[in-house]
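Student: Provide a 3D model corresponding to the input given below.
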Amino acid sequence: MLAKAFRGELVPTEAELARREKRTYEPAADLLARIRAEREQPAPPANGKPKRTRKPTAADPSPLEAPTERVRAAVEGAAGDEAA
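Tutor: Numbers count the residues shown, from 1 in each chain. Reported below is the predicted structural model:
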């Protein structure tokens, strides 16, 4: 019984059900190909207007900024406590 279940012989497949009900069936490979094609196209803005971006200010932290000496010393001190 377990072998039949793994082969899909116990219940009808989605493709078989679609054929019986005379409806379309999209295999997984076709669905994935369609999704990939849709993702490659740039999405239009929801309201039809281009997205406005905020210009960075001096108060915004830079993602590439190195940690300050105080942060670096705290990290080094914590690492030294655990090693002892």
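Student: what stretches of this structure score poorly on pLDDT?
Tutor: Under the criterion pLDDT under 70, the flagged ranges of the chain are 45, 48, 50-52, 56-84.
Student: Could you report the neighbour count for residue 26?
Tutor: Neighbour count for residue 26, taken as other C-beta atoms under 10 Å: 13. Placement of C-beta: from N, CA and C, glycine included.
Student: Which helix or strand contains the nearest residue to it once chain neighbours are set aside?
Tutor: Distance criterion C-beta to C-beta, 6 or more residues apart in numbering; nearest residue to residue 26, sequence neighbours excluded, is residue 34 at 7.7 Å. Here residue 34 sits within helix 28-40, counting by DSSP states H and E.
Student: And for the residue nearest to residue 26, the neighbour number?
Tutor: Counted with other C-beta under 10 Å, residues neighbouring residue 34 total 11.
Student: what about residue 22, distance to residue 40?
Tutor: The spacing between residue 22 and residue 40, counted by C-beta to C-beta, to the nearest Å, is 33 Å.
Student: and if you look at residue 13?
Tutor: In terms of C-beta to C-beta, residue 13 sits 30 Å off from residue 40.
Student: Ok, residue 16 next?
Tutor: The value you get for residue 16 to residue 40, if C-beta to C-beta is used, is 33 Å.
Student: Check residue 6 too.
Tutor: Shown here: residue 6 relative to residue 40, a distance of 35 Å by C-beta to C-beta.
Student: More neighbours: which of residue 16 and residue 40?
Tutor: Shown here are residue 16 and residue 40; by other C-beta under 10 Å, residue 16 has more neighbours (12 against 7).
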